[in-house]
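Novice: after the sequence you'll find the predicted model.
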Amino acid sequence: MTWLLPSVVAVPVLGAGLTVLIGRRLRLQRAIALSGVAFVLVAAVLLLIEADSNGAAVAQLGGWPAPFGITLVADRFAGIVLTVSTAMLIAVLVYAMAQLGRDALDWWFHTKYLILTAGVALSLVTGDLFNLFVGFEMMLIASYVLLTVKTGPGEVRATMSYVVINLVASALFLVVIAFTYTVAGTLNLADLAVAFQTLDPAVRSALGLLTLVVFGIKAAIFPLFMWLPDSYPTAPTPVTAIFAGLLTKVGVFVIIRTQTLLFSQDEPSTLLLFIAGATMTVGVLGAIAQNDIKRILSFHIVSQIGYMVMGLGFLTVAGLAAAILYITHHIVVKTGLFLVGGLVEAEEGTGALDRIGGLLHRRPIIAVMFLPLALSLAGIPPFSGFVAKLALLQEGLALDRGIIVAVSLAVSLLTLFSMTKIWGGVFWGETTEPSVPAARGMTVATGSVVALSLGVALFAGPLADLATRAAADLVDPAVYTGLVLGGG
Amino acid sequence: MSLAGLLIAAVLFAVGTYLVLQRMLSRVIIGLGLMSHGANLLIMLSGPGPAQPPVIGADGGGLPVADPLPQAMVLTAIVITFGITAFLLALALRSYVLTGSDAVEDDIEDRRISRAKHTAEVTPPLEVHEVAE
Amino acid sequence: MSSLRGSAILEAGVITVSGPLLVFSVYLLFAGHNQPGGGFAGGLVAGIALLLAWVAGGMETVRRVVPIRAGVLLGFGLTLAAISGFASMFAGLGFLESGYLEFSVPGVGKVKVVSALAFDMGVYLVIVGMALGLVRVLGEDETLDAEAAS
């Protein structure tokens, strides 16, 4: 199985190279892109199964043993996130093929998309800090270029602020790497976990905070979120959907990984819980003030990140399990909501709530797809968001953290309010002039995402068990260290 | 790590931060370049122990060669920065061709707020696509 | 840029320098395994040579030097790098693990070919393709004309 782990990165890169080489043959490009991402999905599922039975799949690149060479690690946590992410990547790719086939064609789209896939995969399975940087940059460079599929002044401006902010974060990340290497002499995460145990606590906290800032920018937590609602909505729907579903979540993934492995502490982190509460509140308040579907949903990304950080802030098995469950649910639901938003925009030509209405009568299928996703986002039973939120709230009460529980409940209520605003604006009310039906592929792709989100709710029990096992690995750094350094 | 190197990196970061906060895209790009130079310099310095020069060990006897890992990392980081800077330059040129100026415009929210101040009443919200086109 | 064009000294200087630069970049590529150099460094040096060619003669010269689309270079490089990773696996080694062949060429002596070289070549091509793309995007005379007109 050692070949499987590197191939989740190498196969998309190979595909990206091939899509350029074959030139302007759309069918062939699509086939390569689809099979590339599908391969990663299959590999991710196999890796998850292996990780769940053995603890983790570990690969040492180039035959160099663990602390010296490049190590790739897929433990349960990485396996879960990778599987869900690639499932979304496929759904969005199908959607994009249907949509971009109708609009302007971009010959580089599939190349960028495959590089994005490779970047996401590398960021999730990498075992050292520097390859994390490389993976993030691959992902981000692809995302910069994807944002500029259309290049009007609005896109250029939005992309500019996105790129500049992310570049500043990347420069800070390099600083983290430099300082870490100075104090520890290694960048391998498992090796670092060992080295950091004997490190001066002050230096360790400083590095921990710097890391939190770097990935806080990428994950859009309070107060570093302001770039997100500004840049995401300008891109074409498939691009926004995949950004919304994946990019910030990879940031959250890394925050969870580093905070548990390198900077772990025994009691709940008040700082993280404060960040979580503030992120939730600011995000949802921003969403309420907006009037455009995509902008509302973009603010909700920020708000939802707060819940994941909340689970991390508890720093217990149950809290982390809830966070993992929340990430799983959120990736699916958020991608789905943006795809629905894109369907509305495709049919009506606009996403502004006061310009559209009455879609319920003309296109009930869109309403049917929107409803479970929206209710799930707000955490209404029996949908997937409810399961994840319930787990969070239970752990919050068990740890006697009443304030954050109260905040998260209030934010859920406001989320529901803002979802009803979309519902009222888009699906009820006066019917506007007739619209162009969206391509069938777009509807099918959205439908499959909705089905997957229902599946998350349906199989919440086994998923929660898996998340708990993954969280148990996270809480004890010795597990990860043993798998990487001991097993080889 | 050496103190001189650290100071240079600090100056690079300070100047870079100042430039990134400017409105002109060309200055922002130069600022980003300086910041990444600062970061790369820090990585170069991270190999040897305290007060050791980054390239060859202090006496040449104890440390015959420099730690190659930071150099490999710096090379990778430089190439990545090179690619992104190239992209940014293309974007800035595009923005210049489109708008005739090099300055970053206000974002949608800023424009809404300034409009609301002028008309002193609640203005209908600006749609995204209106700006985008 | 037009004020620079047509300067005989500049053109002669660039022609003198850019040829050796390209050769040097290839040297760096091949020296890379055990000595300073490699695909990254070599590619960047070749990129400098291309930029110099642009400074001297504009896009036409660049097109004459590299009559290939930037995308082809990028795609070929990416494919080569990815395949080289898999190739070593088929040879029974780990992913990206380096094997080497040693043989003697008459007149040259012992030659050692490392399989990592294929990966390095891929990287080299990607970087050159990137530099070429940069020159093409930023250096097209039409863009500059549009800029001057606006």
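Specialist: Looks like it arrived, so ask away. Residues are numbered from 1 along each chain as shown, chains lettered A, B, ... in the order given.
Novice: so, low pLDDT: which residues of chain B?
Specialist: B:1, B:48-66, B:105-109, B:117-133 (pLDDT under 70).
Novice: how near is the closest residue to chain C within it to C:L44?
Specialist: At 4.2 Å from chain C, B:A86 is the closest residue in chain B, using CB to the nearest CB. Where you see a C-beta, it was placed from the backbone N, CA and C, and this is true even at glycine. As defined by CB to CB, to the nearest Å, B:A86 lies at a distance of 12 Å from C:L44.
Novice: show me what the lowest-mean-pLDDT helix or strand in chain A is packed up against.
Specialist: For chain A, using mean pLDDT, DSSP states H and E, the weakest element among its helices and strands is helix A:359-362, scoring a mean of 77. Contact partners of helix A:359-362 among helices and strands, from 3 or more CB pairs under 8 Å, 6 or more residues apart in numbering or on different chains; DSSP states H and E: helix A:317-348, helix A:364-378.
Novice: which of those helices sits most buried?
Specialist: Neighbour counts (mean count of other CB atoms under 10 Å in any protein chain shown) averaged over each of these peak at helix A:317-348, with a mean of 27.
Novice: circling back: now the least confident helix or strand of chain A, how far from the centre of its chain.
Specialist: 31 Å (CA atoms, centre = their mean, to the nearest Å).
Novice: so A:V449 sits in a strand?
Specialist: No: A:V449 is assigned helix when assessed by DSSP: H, G, I helix; E, B strand; the rest coil, not a strand.
Novice: enumerate every residue touching it.
Specialist: When contacts are counted by CB atoms under 8 Å, 6 or more residues apart in numbering or on different chains, A:V449 touches A:88, A:91, A:332, A:335-336, A:339.
Novice: returning to what we had before: next, the buried residues of the least confident helix or strand of chain A.
Specialist: Neighbour-count burial for helix A:359-362, counted by 16 or more other CB atoms under 10 Å in any protein chain shown, picks out A:359-360, A:362.
Novice: out of those residues, the closest to chain C would be?
Specialist: Checking the buried residues of helix A:359-362 against chain C with CB to the nearest CB, the nearest one is A:L359 at 41.0 Å.
Novice: the closest one contacts A:F427, correct?
Specialist: Yes: proximity of A:L359 to A:F427 meets the contact threshold set by CB atoms under 8 Å, at 5.0 Å.
Novice: what sits in contact with each of those two?
Specialist: With CB under 8 Å, 6+ apart, A:L359 and A:F427 have common neighbours A:366-367.
Novice: how about the residues of the stretch 101-250 of chain A near chain B?
Specialist: For the stretch 101-250 of chain A, the contact set with chain B under CB under 8 Å from any CB of the partner chain comprises A:130, A:133-134, A:137, A:141, A:144-145, A:148, A:150-161, A:163-164, A:167-168, A:170-172, A:174-175, A:177-179, A:181-182, A:187, A:230, A:233-234.
Novice: only whichever of these are buried, select them in PyMOL.
Specialist: Buried residues within those, by 16+ other CB under 10 Å, are selected in PyMOL with:
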select buried, chain A and resi 130+133+134+137+141+144+145+148+150+151+152+154+155+156+157+158+159+160+161+163+164+167+168+170+171+172+174+175+177+178+179+181+182+187+230+233+234
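Novice: which helix or strand contains the residue of chain B closest to chain C?
Specialist: For B:A86, the element it lies in under DSSP states H and E is helix B:68-99.
Novice: any weak-confidence spans in chain C?
Specialist: C:1-6, C:33-34, C:89-103, C:105, C:107-113, C:140-150.
Novice: and the strands in it?
Specialist: For chain C, the strands defined by DSSP state E cover C:100-105, C:109-114.
Novice: hmm, back to that, tell me which of the helices and strands packed on helix A:359-362 lies nearest to A:Y480.
Specialist: Nearest of the helices and strands packed on helix A:359-362 to A:Y480, taken as CB to CB: helix A:317-348 at 13.2 Å.
Novice: ok now the closest one, how far from the chain's centre?
Specialist: Counting by CA atoms, centre = their mean, helix A:317-348 comes out at 9 Å from the chain centroid.
Novice: what mean pLDDT does that helix have?
Specialist: On average, the pLDDT along helix A:317-348 is 89.
Novice: do the same with stretch A:247-261
Specialist: Mean per-residue pLDDT for stretch A:247-261: 90.
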